[in-house]
Each structure stands twice: as structure tokens, then as C-alpha cells.
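> Here's my sequence, what's the structure:
(chains A, B, C, D, E and F)
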There are 6 protein chains.
Amino acid sequence: MVKGTNGTRRNAATGEHYLPRHEPRYREIASFLRAPLADTLEALDIALVGIPFDGGVSNRPGTRHGPREIRNLSSMMRSAHHVTGLDPFAQARIADIGDVRFSSIFDLNKVSDDIAAYYAAIRKAGVIPLSAGGDHSITFPILRGLAADGPVGLIQIDAHTDTWDEFQGSKFHHGGPFRLACEQGLIDPKRTVQIGIRGAQNTTQGWDYSHETGMRVMFMEEVDAMGIDAVIAEARRVVGDGPVYLSFDIDSLDPAFAPGTGTPEVGGLTSLQALQLVRGFRDLPLIGADVVEVSPPFDPSGNTALIGATLMYELLCLMAERVENTKP
Amino acid sequence: MVKGTNGTRRNAATGEHYLPRHEPRYREIASFLRAPLADTLEALDIALVGIPFDGGVSNRPGTRHGPREIRNLSSMMRSAHHVTGLDPFAQARIADIGDVRFSSIFDLNKVSDDIAAYYAAIRKAGVIPLSAGGDHSITFPILRGLAADGPVGLIQIDAHTDTWDEFQGSKFHHGGPFRLACEQGLIDPKRTVQIGIRGAQNTTQGWDYSHETGMRVMFMEEVDAMGIDAVIAEARRVVGDGPVYLSFDIDSLDPAFAPGTGTPEVGGLTSLQALQLVRGFRDLPLIGADVVEVSPPFDPSGNTALIGATLMYELLCLMAERVENTKP
Amino acid sequence: MVKGTNGTRRNAATGEHYLPRHEPRYREIASFLRAPLADTLEALDIALVGIPFDGGVSNRPGTRHGPREIRNLSSMMRSAHHVTGLDPFAQARIADIGDVRFSSIFDLNKVSDDIAAYYAAIRKAGVIPLSAGGDHSITFPILRGLAADGPVGLIQIDAHTDTWDEFQGSKFHHGGPFRLACEQGLIDPKRTVQIGIRGAQNTTQGWDYSHETGMRVMFMEEVDAMGIDAVIAEARRVVGDGPVYLSFDIDSLDPAFAPGTGTPEVGGLTSLQALQLVRGFRDLPLIGADVVEVSPPFDPSGNTALIGATLMYELLCLMAERVENTKP
Amino acid sequence: MVKGTNGTRRNAATGEHYLPRHEPRYREIASFLRAPLADTLEALDIALVGIPFDGGVSNRPGTRHGPREIRNLSSMMRSAHHVTGLDPFAQARIADIGDVRFSSIFDLNKVSDDIAAYYAAIRKAGVIPLSAGGDHSITFPILRGLAADGPVGLIQIDAHTDTWDEFQGSKFHHGGPFRLACEQGLIDPKRTVQIGIRGAQNTTQGWDYSHETGMRVMFMEEVDAMGIDAVIAEARRVVGDGPVYLSFDIDSLDPAFAPGTGTPEVGGLTSLQALQLVRGFRDLPLIGADVVEVSPPFDPSGNTALIGATLMYELLCLMAERVENTKP
Amino acid sequence: MVKGTNGTRRNAATGEHYLPRHEPRYREIASFLRAPLADTLEALDIALVGIPFDGGVSNRPGTRHGPREIRNLSSMMRSAHHVTGLDPFAQARIADIGDVRFSSIFDLNKVSDDIAAYYAAIRKAGVIPLSAGGDHSITFPILRGLAADGPVGLIQIDAHTDTWDEFQGSKFHHGGPFRLACEQGLIDPKRTVQIGIRGAQNTTQGWDYSHETGMRVMFMEEVDAMGIDAVIAEARRVVGDGPVYLSFDIDSLDPAFAPGTGTPEVGGLTSLQALQLVRGFRDLPLIGADVVEVSPPFDPSGNTALIGATLMYELLCLMAERVENTKP
Amino acid sequence: MVKGTNGTRRNAATGEHYLPRHEPRYREIASFLRAPLADTLEALDIALVGIPFDGGVSNRPGTRHGPREIRNLSSMMRSAHHVTGLDPFAQARIADIGDVRFSSIFDLNKVSDDIAAYYAAIRKAGVIPLSAGGDHSITFPILRGLAADGPVGLIQIDAHTDTWDEFQGSKFHHGGPFRLACEQGLIDPKRTVQIGIRGAQNTTQGWDYSHETGMRVMFMEEVDAMGIDAVIAEARRVVGDGPVYLSFDIDSLDPAFAPGTGTPEVGGLTSLQALQLVRGFRDLPLIGADVVEVSPPFDPSGNTALIGATLMYELLCLMAERVENTKP
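Numbers count the residues shown, from 1 in each chain, chains lettered A, B, ... in the order given. Coordinates of the predicted model:
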């Protein structure tokens, strides 16, 4: 696969070659951001991955259908960015490599191991993963796969700190990935920032854990009062220069913008704020990123999947620019 | 019912006792804010009440289904507030006491009398009511029941002043409750503030009445220009220190945030503004409050009922804190 | 609780007593079939139970929301049957006893044990359970609780035989409850009839198991060709006179009638056929019954939950009539 | 207005005249069956009328939006019938005369009087009305207006007999129009047939009244067993040769076919049966007909309004053929 | 038609005359903004026109249903503006003149010619058109009809510049109307402002064309940073004093506010910003305006059509005030 | 590609090979019937093709989204048929070869030529095409590509004969493909059967053409009266032994079963009848088949796409069995 030319497809009947990404948007097999499909990591800079798993939810299920529907709506995406003018497909070699495969969807430990092994392979191949969930529990095994060299920094955009402890007898659930990641030395709490937190909780356990370990928790009210530019500056200050992972939980957005999610919390980010926030992280050494908690069964207008696809595009732009800029 | 312990339930088969409010949110009978059900006012500080009546609407019906669906979505609510850290269930004795019962849904006068009698009983028991409508006509009979000692102050968050006169031969309709309340001495127009008003009208009658009687009308454009903090300050100035009632019409929110309502008006409050506004009224001597005009048949995503439930939670926090602070 | 008088409720504010079941249908707390809520099995003949669990699905989730939504739509139900004229509430003592509670929703074995223990308690109390799922995996632990005395007969109305073996490393999933039940001696395959089976499968394993163990499998084409009366006769012949359990999977209905389910199969029963079928089982010694696989997130019109509620009503009529007829 | 030529419209900008009914179906102002609008009864044989009233419902509201949405979906209708080949617009002079106007939507007696006066005027003009509701309460005042000369025959296609007595203090509600009509001598119970009746009831009062007064009640099970041809024959036998009114309640259809209604009852007519039934009444001396209980807020696919429009078309065919055949 | 009195209608049955615009909003034939229907341009100041055409879309279709559904939702509109207090129906003679008629919906050139001829006739009659689309391709032929005297100024509120060149072999499509208009001398690029532009594109061709021809392109990020008041000032500076056309593409709004459109772009205007923007153009010499790209099949809540109707009302207020102020 | 083994995929990260068709149904890239994707016709027996074109509709658009959504829902399909026990993937070499590509979606003639050329290439390769539309206009160019050797027989299951002449200036539209095909000698009217016809029409032109040319038109009423077995026998008699094409218009089904279509006609086939009908055509020498008129924007429950996918599966079974049986 060659940068800038990747993605042509052969018309089975006529033999002509063409670029599916430039076809009318209702045509073609739906892949993430209209990227080509690949069944190998070779010759790739960035891999788009789906993790159709929602076995870690505490409330509404449905995010197992997230990757499929984000792929569907990502047909709306195009290549050249209207702010930077840059085209990630011209900067890096990108493909949709399909979904993580599970040995048993009924066994949380195996799911965690399967995801961790998958991302370890991606990391080993020198490829940067951009993932679509699935519920937020998946970020823990992603980090198991990617952060083997020691704790990384974390930018978490979310309504919940997801640092709660055991729930219903399990520590592996969508309210706890960052506590697990912290306990296992995968993220550095001092280099962790949580943006957009809000919503009542039955206990303050999660907020307390974040504070006690030194994570920087930016509640929604603070975000709103500071403005997005200041939030970006603060987040960059927290994560510093080292490797960093970005996890975007769609429930950070207000339910008016993203109704299709399992634990919506009224009073969140607007979509414009979300885009501005992500765009603020250009040039960070991202080792990976994800967009999680898109739940199509609760998304009658499709807006949530559309926002999920748009955020993937914005994250891809960050990654591709970095790929180009760090090329030897 | 003892404060802080209220709400445990007995498992019918196993005999164990547990707190339904802490169960996974899709379980249990749906009550307002997951509060315990009660069939008495004894040992209560705050009563959650449904008024499933939409016989006063001039346009789309459906708010009769509001209490049911707000109960359903209020499963998403939890107890400890993310800004204050306070838990209303630890501060006051709270129960869902069911719905007001009507002797005839076809006779507006009887409906008004039934509601008035119901709230008079609540008031007599020394309980503070937090109600879910139903259309806005219901606030008039609520005030009949609660304001027997003379006019009270009013904070009305709404797209419409609801001070119109007779419509289709009746003064009791959802566009007129505050004119009726003013005419009958239940509210003091000088201590009345109306926030978020907007939308064209066939006549200026309602706006004129509000202005002529001395109500403080804050049109949406003024709200937007001032900012929520200034709006809160102005509203507190208007209502002063005396007893006050708060009525939250969901159509004050923009239809993007709350589509499920009978007379949506484009260009309204965001949900974050709405939450901030309500939180600005801590420590006011609320004699009651309501959330009205949630119409589930026009709410395909459920967002409107979710916002309704969230506003009830925020109002409950105001009330419970006051209960605790004013305890002898 | 006294038969025929059960279910009056006290108006919290006015003190009057009234029968919620006769109130306008949008009023009152939503319980199964508008039955009274109970937190004990004492003085009950029939218990209505919810099992909000969908951890056993192989495809679309969502049935965890089934009990809540069936309760909601069961407000549409009334008491006197239009064919028989009988009123189950006049024949038996009936209550909604809430939902089965789980020690961990993430551990399938614990879920199975929790359900089994719950139904063992119901059985011990001499009460007949009528349950709403949840996915079909739940019928296996229900039978663990109810069939301790030896295998029972089974009437299964379903698009799938649900006799598949291990899937994704587990035998406890919604495609296998009746294989498990058969293997563990909870049902007698010779007294088992499966009605409405259809839809392609990746392997013929399940159909083969049913045939090999001697279950009577009535594929949809046979059902359609025979007519419902003959199907009833055949089913009664198969189950004979002994104790029998009835399990109604909503996906036996055509998706036009019941779209809200996880594995819809085109070409199924009409709702009229379904009602006629159930009514054909009067006087059978039912030890319990369930309606499963109602998945509200895939049910935009609410029809599936409405049919679920209606089937519960029809099943309740069978049970209550039997209660009255077998009274000493 | 001349038969066969009626309905041309002038293009405001170009001055050309054309027939809106033959334009692409998404164009033009939505009128009933694409008929011309009229503000007079002169030169009309048949008037299409909307009655946007749902103040008589006992449960879900929404049928006030029925006429608007039936008009919208009736754009799908065309003129030449596929069974008879006849075109009603070529046989009779037909117009949409708009909606009945109410002096007060809050006063049931006035609503009844307004409707009665409206239909008395139509009758006086020698025009036959074909109406779209609205809830079923409206048929009583329609009959007040049309049956001034003495009781008429009635063909009622419905899930409910609608012969209940006072509900919530009123006899004028959508469960009682035919009891009122019978009591007031507007319909002859011996010439009344009720087809498709089903669904449990809280009391047997309505069924009893129908039976006691001699109405012919055909429960759904009987309809299904007899087949539509036999039902037609029986209905024609009951109503005989005299003037007859036909009232079609959309809830006679199974909710799979017509979900958008207030009191859906599972197990009803298919749409094909409904069409066959109506077509069976050619040549009857219809003095009017209505299609009621279409509730758009509960009709996400629009199918219910589409069926409502189709039934109006079929009824119009009956009326227009009779107009032509009885012409002097 | 006389200003201020226009729009009374005759009740067909009772003969009374009344103003439909003041009736309950679910009544009456749905016309734009409840204006009277007209089949002539005589005695009109402003004509409301529908253009049900979506043959120019590159992606999702559906805007052909826009005029019908905007008419439907425009029942929610009323007359007196809450900011200005002015009533356009008292200031100008206004009617809904129906939809443009096409000689062939399958031939883009004929469609363009039909629209151009229609608007040329409106212009010739001295009437100002306010139009509802339809996809954005229609603005090009509208301008062909209206700008015969030389290029006009343009205020375009849109997510896309719509200045792309040939797509799929045609220059007439919804991504190119303003390039065509510019090339044919219908608009003056120096007096053209494009507000709200955003979203990635496959090529920068359109943005480049706008910049190269001297159009003022205000990307969404600039709009957000400047604030609406400054945007208005800049737009007025650009268009100056000459005749100007205003084209409002509903996709300028964020999809949370207007999901029902063909090419939604996350991160757009709020509805309050949109209203404020339009209100900023009082007293401009508008020769016409349109609201385009409302696609009802993608609008489950109806909000998009509601916003479309509201924007038409706001634009009508601008036009009617100008009519009154410029009267000789 | 080898029969019976086709379709394994390589896991990009782990390198393992597996069969996507046997994975949980929410996983994997959505292809028709979970078949492998191919970009060549080599080594194929049957090609699954999408034709995302709706430029020929006379009413509601949206079928351009049909192939995408049928692919999505066809994840629900599995391999072994429950009636025959046969597995088409074990009988023939099958792949999804993507969508037909258009040189201009705005030029009907080019669209027709592109489709015709595409299918000519398929035919030349000796592959049998099974296609998903798109509107019904596409069947004409499909036949141009496939029937070059002279007229073929036609089984058309449809609510409309689609033998109308020019509409809006074009003969190429979705109401006319079979008139065009007949006029151009692509189908033999004497070997053409049209099943399920119904619904009023503005003129009888289409029905007349079918009758005059000798097509066998089976109106819905005849189908219902005869029963499906007799319909199959009659259809087989008509088409005889020669090559035959089968075209399934989803609007042949009643809108309760298939609401998502452009011109729904009340009173159609049930899904069970549709399946039985298709299964009746085993062993016919099908040269191709299509399922058309699935319009996802009008399909809120997804049922229409599900039925479309199921019909494709049933047709594939016919084709694969024939492939195996006719193998040299």
C-alpha cells in the first residue's frame, strides 16, 4: 500500500480501477472513513479497528453495534480538512483492518486478553491504532496491548471518570477501565486529564480515586467557564511531551448532540466544542486513540454515529500529520 | 420512613432487603428518581407527584404520558451531586406518592378542584411537593392548594408567559395559569420572574398582561445576552426572601434539547444553561416546584423525559438541602 | 391479599382507597397487567416476575429492558376476557413481585444460580410464576428452580429450537436452554413440542438434537398447513397430562407483528394465531410460563411489548382458571 | 363544479390549468384523496370532512392530528380502482371541505353540538359526508346531524362495541357513541352490526348492552372462522335495505397493520380483510361514513394514516358508484 | 386581497367566515405559515413558494418532501414577533401560491428552465418570492428568474460554499449553484458572503473558487470566534446597499438542531444563532430568499422542518417590514 | 475461490484465518448474505450485486440506500435452509462483487447504459447475478445486459405491473421497465407472469398494456383466493421451461410487512406467502433475479431491509441448487 494512492478498487465487472472514497456516499462497502480494507498490518501507518463489545455495560447495551454503524455513517466523511487543508490519506498509509475477534463474548477475562493480544500485535508492527467501540471497558485491554513499556499519558474526554471499583462482582466494566489501567501501571495518573465530567453518582468513589491518584479532573462546569482554548492548554500541560493515549467517550457530548449512548448525562459538550478540543491536540505523540460508547439502538437520527465518525476523522488527521512530521 | 435509610425493599422470593436505587438502572419498578413508593404523607419531607393531565392544551396533546415516562427515564438518575457532593436522600425523607386522581378527566373545573384539594392536603401535612406534569394548566390548581396564605413569589422558566386570557371559551388552559393565579391572588406579580420567553404569538395579550401587572419578563434574547449568572441574580432580586414557587416548562429549552413538547419554540435554552439556572436557586424558601409539558409521543429519543428527570433531581437537591438547613 | 379484592391502593393525599387497575391507563405506577405490587409470596396464587437479563444473546442485546417496557405497555390490558368472559383477578390471588436480582450480571453461572434459587423459592411457596424476560437463556435456570421433582413437559413457541450446543465457549446462552434442560433431566424430550420453528442456521445441530431426543418439532410451514386447531391438538397429545411448562419466545411471531426482538425471522405466526394457540391450552397443569425476547430498543412502535403484555394476560387467564378449578 | 372535470387548479405564476391529482404525489397542497378544496356545499355530491377532535379519549390522545396526516398520506391514493376499474371522480362531484370548527374544544357538549349542526347542514344540502376523525366519540354527533328522520342502520367495524356507559362522569366519550346513538333513537340496534370486536375489558357492560339491545356482535374469532365473504353476507342481512351509516374504527385492524391508534388490541383484521370487507358493501344506501381513531403520534411508519386514506378511497368508491347509479 | 384582512375562509357547512391562522394549530389545510392559498399573483406583495425537487443531490435524497412538511410544521408559527412586536400579515399582502410545476422531473435542464420561468413571472408581477426547497441546486434557476437585470448580492448561510464544478457529468447539482450563478453573471462575487462553512471535502475546488472570485467566506470557526453581531456587520458590509438575495441552507445548523438534511456537518450553528443572524438583516433590499435542504425522511422528531418554518417566518418578517417601509 | 471453502478471512493482527459468516452477526464488514467480497468474476458461479439508484422514482426516493442497508441486515442471514436443509455456499461459488458504478447519476440514459454493460460482462463471464436495488427502473437495463439472445420469461412479484408508458417525459422510470423490456424484445409477454398486482392508478394504461400483450396478470385478490400453491403452478405454467428472470418488488408485500418502500399499497402479500412463493420456483433456469424498491429512510424498524435480505437468501438457494444440479 502506497501513501496517497491507497484505496483504489477494481470494478469486478468492468475491470476499471477507481477510488471508492470519491464515489457518491451511498455507494460502496461501508468501511471506516471510506478507507480501504486490509487483512494485514504490513505497509500501514495507521489502522482503523472496530471493537464490537458491550459486555461491560452497567445499564443500556447496544454499543456492540457501534463499529458497524460508525462505518456506515463514516461514508459522510471526506478527506481534505476545512481548517488545515490537509488530507490524512495523502500523509499516511491507512486501512480499516476489521474488528477484534473474541474467543468468547461471554467471558470478560478472555475478551480482555483477546483485545490486549490484538493491540500488542498492532504495536509490534509499528502501527498506530484508531479504534471504535464498543463500551468503555475496552480501553483497559487496549492499553494493556499498547503500554507495555510503562505508563503513558491519558487524555480522556468523558462524562464519567470511569475510575470506579468493582461493580456487580467485576472490576472489568465500563465504569472502571482507568482505575484498572492506573493500578496496573498502564497510565500515569499525574499525566492523566479527564475532561467534561458530570452527572450524579451513587457514590463519590470514582471521583475520589481520580483526585487521590493525582489525575486532573475537569468537571463540565469548569470546562464551560474556562473555554475550550484554556482547556486544551491545561490538558497539554498535564500530559506533557511523552507518549499519550486519547480516549473519547461519546457521552461527553450533551445528549442533544449524541443521544445514542448508554449513560447519557444532560448538560455536556456541544459538537463544536468537541471538535475544537480534539483539534487542539495536534503534534502530540499519540500512541493510539478511541471513540467509544456509540449505541445505535438509541440513536434514531443517526447523529451519534455521525459524530463518532467525524471524531474518528479528526483524530485520524492528528495521527496522519504526526506520521508525516516524524518520518525519518 | 427514616432519612438516609429510606427506600429499602424486600426481595419477594429470597427475603433479603436491598436498596433499589443502587440496582442496575434497567431493573426495578420505575418511580420518580428511584425514590420509594408511599401511600401516605406521614414521615415525609418531600413528595414526588405526577399529574397526568393534558386536557388544557391548545395544540399537540401527549403530556398525560409525561409522569410515566419521566419515571421511566429517571432510572438514569443517581444520588450524589457532582457539583455539591450532596445527596438529597441523605438530607430529607423523600417518596414518590403516585399520581393525582381525577373525578372526571372531561371536566376542567373538576380537574382543577381535584388538584387543588390534593395539594392542600400535601401542604397541610407539612410536605413540600415536587411535581411532574402534565400540561402547564396544572400549575394554577397546584397554587390554589399551596398558596392559601396569600400570594407567593414565582420563578417561571418557560418559552411563553402563560398569561393569556380565555381561549376557546375557557380561562383554564395551558396558556393561562399565571394570569388566573395572579387574578386570584395566588402569586404576587411584583415577585414574579419569567425567564426564556420567546416565539411569535397571534396577539400580544399575554406579554402585555405580564408587563402591566409588573412581572419581570426576561425574553430569551436578554437571557442570552446577560448570561445565566446575571439572570439568576436578577431572578433572586425579583422574588426576594419570601416563599416562592418554581415552575419549569420544558419548552424553555430549545427543541434540539427537548423536542418532546406541545408548543416547541426554536431558539431556546441549552440543557447546560437550564441546569445552571436551577442550581442558582439554592437556599430559596421553595414551597413547591414542577416540571411540565414533557410529551413522550413527540420524543423519539427519550431525551426530553431524561431532561425532565434531571431537572426534577436538581430541584430535589434544592429542596432537600433546604429541608436539612431549616431543621429545628 | 384476598382474591377478587386484591390491588386497592391508598391515595397518599386524600386517603381514599381505589383500584388502580380501573384507572385511566396512563395513570399509576406501571406493574405487570396492572396487578398490585408485592414484596412477599404469602397469600399469592400466581406471581408475575421480571428477569431483566440479556447476557446470553448471540446477536442484538436489549431484552434486559423487556420487563420494564412490558410493564409499561401492560397498562393497556384489562381484566374480563372477551372470549371466555372470565376475569383472572376474580379467580386467583395475583401480584407483581418485581424482578429477579443478580449477584453479578457479568458472571453467567451466578446469574443462572440466582434465577434458579429465586424460582425454587417460588415453587416452595406453592406459587405459580409467570415471567417476562430477558433473553431465552433464562428459561433454563427457571426450570432448574421449578422442575426439581423430575422432568416436566414443555410447550415451546419459538422460531428456533434453542437446542444448540456450546457457542463462544458457553453452553448457557439464548440458543441452548432446552438442550441444557434436556441434558440435566429438567424436561422430558418425549413430552416436548416446539412450534413455529423456521429460519436458516449455520449448522443443523439444534434441529438434529431436537429430533434425536424425540422432541416434536413443528416447523412454521407445518403449522401454517395444519391450522392452529390441529397444532393445539398435536401439542396437547405430546405433552399429555403431566406437569408442563410453557415458554413463549416472541420471535415466533412474524417481525411485522413483533419487530422488537434480537433474532427476528421473517415468515412467522400472526398475532391472532399466537393468541389462538395460547388459548388452546386451557386446563393444562402449567407449573409456570414465560414470555421472552422482547427487546424494546428495536421496537419503535411499542407493538412488541404490547403483544408481550397481551400474551402474559392470556397465560394468566389459563393459570387463574386452573387455580380456581383445582381449589380443594 | 362539474363531475369528471372537477379539481383543476391554476398555476399562480404561469397561468396554466392542470389537475393536481395527476401530479407527482409529493407535490401540491395535501387534501383528502387529492380532491379539490371547496368552501361551499353547492354542486357537490360527496363532501370529505375532517374532525380533528380527541377530547373523548380514555387513554392515549393524538387523533386530533388524524385529518392532517390522512390528508398528507392520501397523496398516495389514485383514482381508478384495480378491482372495479371505476373512477369515483368520474362518477360524482367530490371536494374536501375542510375541518369542522369548534366553538370550544374544552366543552364536550359544545363540541357535540358543533358537529351535529355541521352535519345537519351537509344533510340539508343533499350532500353525503365521508369523514376522518378524530376519536370515535364524534360519530354520535355526526349521527345527530344525519339521522334526524329516525334511526338508521349501522355497520361498525371496530375492536370495541363502544356501547359503554358513563366514564369519568361523562357519557360522551370514545367508548360510548353507539350507546348514546341507540338511546337517542339515531340508530336501530336491530339493524346494527359490530364487526371485529375483541380485547379484554374491565367490565362486560358494553358487550352486554349490545347484546341486550339486539345488535349483532361479531367477535374477531367469529370473523376469522367465517371468512370475510360470510361476514359481508351477514352484515348485509342485518342492515337490510334502509339507510345505513358505516363507521370504520382503525383499531379493528391488528396493530401490526395500524399501530397508530389509541387503544390497540392485538389479534385483529389484516388490511386485506379490511379492504375486502368494505368492498362488500357496494350499492348500500350509505348516508355517510367515517374512518376514526388514526393517531399519528403513535404511527412512526405512517402506515396507519396510509390505511386510513386507503379506506377513505374505498368508501368513496362505494358512495360515488351509488351517486351515479341513483341519479334520476 | 387586502393587507391585514387577508386570509379569511368560509366554513363550507355553516357559511361563517373566520381566520384560519388563528385556529388551533392542528386544524385547517396546511399552508406555509398559515397564509391563505392563492392561484394568482395579483394583489400580492410576497409569495410563498415550494420547490419540491431533489434531483440535484449528490448523497441522501428526500428534500422533495420538504415543502409539504414545512407547510405541515409551519402551523406552529404565529404572527406577532416577540422581539419587534410586528406582524407581517398586517404589513404586507402574503399568500402561499403552491409549488413550482415541472415538465419533467427526470431532465435537469427542463427543471432549471421551469423554475427560471416561474420566478421570472413572479418578478414581472412585482412580487417578492420566499421559497422552500428542495435541494440547493434550485437557487441557481431562482436567480436566473430574478436577477435578469444584472448580478445581485448574496447572503448564503450554509455549511458548504456550493461552488463546486461539474459532478458526475453535470454542473447543475446541489454543490454548484453559486458557481453557476457567478459564471452566468447572476450574482456579484464581491457582494457575496458565505457564512458557516465547514466540513471536510474531497477536493478544495469549491473553497478555492469562492476565494479566487472574491467571495467572503466565513468558516464556522470564524463565525464562532467573532460572534453573531460581528458576522452580521461583516455580511452587511460585503453586500452593501444593492439588491440582495438570501439563501439559507438548513445544513448550516448543527445536526443536533437540524438532523433532517442530506449532507449534515457536525459542528454548526445553533438555532438561536441562526435566528439572530437572520434578524440582523432588517431593511436590506431583499429580492427574494429561500430555505433549502430540509429532508423529512431523515427528520424523526420534525425539528428540522420546524426550524425551516421558523426561518421562513423570520425571513417573511424582514420582507414584510421592507414592503411597508418602501411603500410609496 | 473454491466452492464450500470460500469466504475465509485473515485476521489482520493475529494472522489466523476464519469464516466471517459464522461470527456473531454484529461483527465484520457488512456484505450481502455475509458472502466474501470479490473484485473479479473469475471462479464465481453467482454474483451478488448492488444497484444504488433511485433516479427513476415517481414518488418517494430513498432506494439508493437499499443495497447498503440490505447488506447491513443480511448479517441476520445464515446458510442452511430450514426447509431443504441445503446450504447454498456449499453448492456454488458466491461473492458480493460490490455496486454498479455510474458515469453520471444525473443522466438516465447513461445510467441505463452503465447497468446494461455491467450485466453484459457478468453474463459473458458465465456468472448468474442476484441484485439488490434501487428502484424498479433498473430491471430494464439488467435485462438489456442479460437477454441479448432473445426474449426471456419473467416472473414479476409486484404491486404494480410497471408497464406504464412515458411519465414526465421519460420512458425510463420505475413504473415502466417491463413495457420497455417488452417493446425491445427482452422479455416474452406470453411467458410473463405478474403476481400481487393491486392499488388504484390514475389510468388503466399499464394494466391494459399487460393484458393486451398477453402477460398473465394475477391481481392480489386472485392470489388470495387461489392460494400460493396454485399461484406457483400457474406461474410455472406461464414461464415454461425456457430461461427466466425473476424480479421481486418489495411493495408486493403489505406495508405492515414492508413499510420501507416508495409506493406502498395496502392489502398485499404476507411475508410467509412471499417466502412460499419464491420457494416454489426451484429448478427453474433462472438467468438472474433482483429484489428492488427497499427504501431505508422509510423503514424505521429495519423490517423491510430484513425481508429484502431474506428474499435474497431464498433466491440464492434457488440459484445455487440449480448450479449444482446442472454441473457437467
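
> Provide a list of residues in contact with the residue of the stretch 151-300 of chain A found nearest chain D.
Using CB to the nearest CB, the single residue of the stretch 151-300 of chain A nearest to chain D is A:Pro300, 9.1 Å away. Any C-beta I mention is one placed from the backbone N, CA and C, and that applies to glycine too. If a contact means CB atoms under 8 Å, 6 or more residues apart in numbering or on different chains, then A:Pro300 has A:Pro259, B:Pro300, B:Ser301, C:Pro300, E:Pro300, F:Pro300 as its contacts.

> and if we set it to 6 Å?
B:Pro300, B:Ser301, E:Pro300 (CB atoms under 6 Å, 6 or more residues apart in numbering or on different chains).

> Now render those as TSV, adding secondary structure and pLDDT.
Formatted as TSV, the contacts of A:Pro300 follow (DSSP: H, G, I helix; E, B strand; the rest coil; pLDDT from 0 to 100):
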residue	secondary structure	pLDDT
B:Pro300	coil	94
B:Ser301	coil	94
E:Pro300	coil	94
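
> can you redo the residues you listed as JSON lines with distance to B:Glu293?
Formatted as JSON lines, the contacts of A:Pro300 follow (distance: CB to CB, whole Å):
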{"residue": "B:Pro300", "distance to B:Glu293": "17"}
{"residue": "B:Ser301", "distance to B:Glu293": "17"}
{"residue": "E:Pro300", "distance to B:Glu293": "20"}
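
> Name the nearest of those residues relative to chain C.
Comparing those against chain C with CB to the nearest CB places B:Pro300 closest, at 7.7 Å.

> mind listing the strands for chain A?
A:9-10, A:17-18, A:46-51, A:94-99, A:128-133, A:152-157, A:187-197, A:216-219, A:244-249, A:286-292 (DSSP state E).

> Let me have those strands in a markdown table, adding mean neighbour count and mean pLDDT as columns.
What follows is the strands of chain A, written out as a markdown table (neighbours: other CB atoms under 10 Å in any protein chain shown; pLDDT from 0 to 100):
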| stretch | mean neighbour count | mean pLDDT |
| --- | --- | --- |
| strand A:9-10 | 18 | 92 |
| strand A:17-18 | 12 | 94 |
| strand A:46-51 | 27 | 98 |
| strand A:94-99 | 26 | 97 |
| strand A:128-133 | 28 | 98 |
| strand A:152-157 | 26 | 98 |
| strand A:187-197 | 24 | 98 |
| strand A:216-219 | 19 | 98 |
| strand A:244-249 | 26 | 98 |
| strand A:286-292 | 26 | 98 |
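
> Make TSV out of the ones you listed and add distance to D:Asp208.
Below are the strands of chain A laid out as TSV (distance: least, CB to CB, whole Å):
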stretch	distance to D:Asp208
strand A:9-10	71
strand A:17-18	73
strand A:46-51	61
strand A:94-99	61
strand A:128-133	59
strand A:152-157	65
strand A:187-197	62
strand A:216-219	64
strand A:244-249	60
strand A:286-292	60
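
> who touches the residue nearest to A:Leu73 when sequence neighbours are not counted in this structure?
With sequence-adjacent residues excluded and distances taken as CB to CB, 6 or more residues apart in numbering or on different chains, A:Leu73 is closest to A:Ala305, at 4.1 Å. Residues in contact with A:Ala305 (CB under 6 Å, 6+ apart) are A:Glu69, A:Ile70, A:Leu73, A:Val294.

> Any of those residues buried? List them.
A:Glu69, A:Ile70, A:Leu73, A:Val294 (16 or more other CB atoms under 10 Å in any protein chain shown).

> Closest to E:Gly288 out of these?
Checking the buried ones among the contacts of A:Ala305 against E:Gly288 by CB to CB gives A:Leu73 as the nearest, at 34.8 Å.

> what about that closest one, distance to chain D?
Separation of A:Leu73 from chain D (CB to the nearest CB, to the nearest Å) stands at 21 Å.

> That residue contacts A:Thr310, doesn't it?
No. Look at A:Leu73 against A:Thr310 with CB atoms under 6 Å: they stay out of range, at 8.8 Å.

> still on that earlier bit, can you redo the contacts of A:Ala305 as a markdown table with pLDDT?
Output for those, formatted as a markdown table (pLDDT from 0 to 100):
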| residue | pLDDT |
| --- | --- |
| A:Glu69 | 98 |
| A:Ile70 | 98 |
| A:Leu73 | 97 |
| A:Val294 | 98 |
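
> State the pair within those residues that is farthest apart.
The span of the contacts of A:Ala305, defined through CB to CB, is set by A:Leu73 and A:Val294 at 9.3 Å.

> how close does the spatially most central residue of chain A sit to A:Arg191?
In chain A, the residue lying closest to the centroid (CA atoms, centre = their mean) is A:Asp290, at 1.3 Å. Using CB to CB, to the nearest Å, A:Asp290 is found at 18 Å from A:Arg191.
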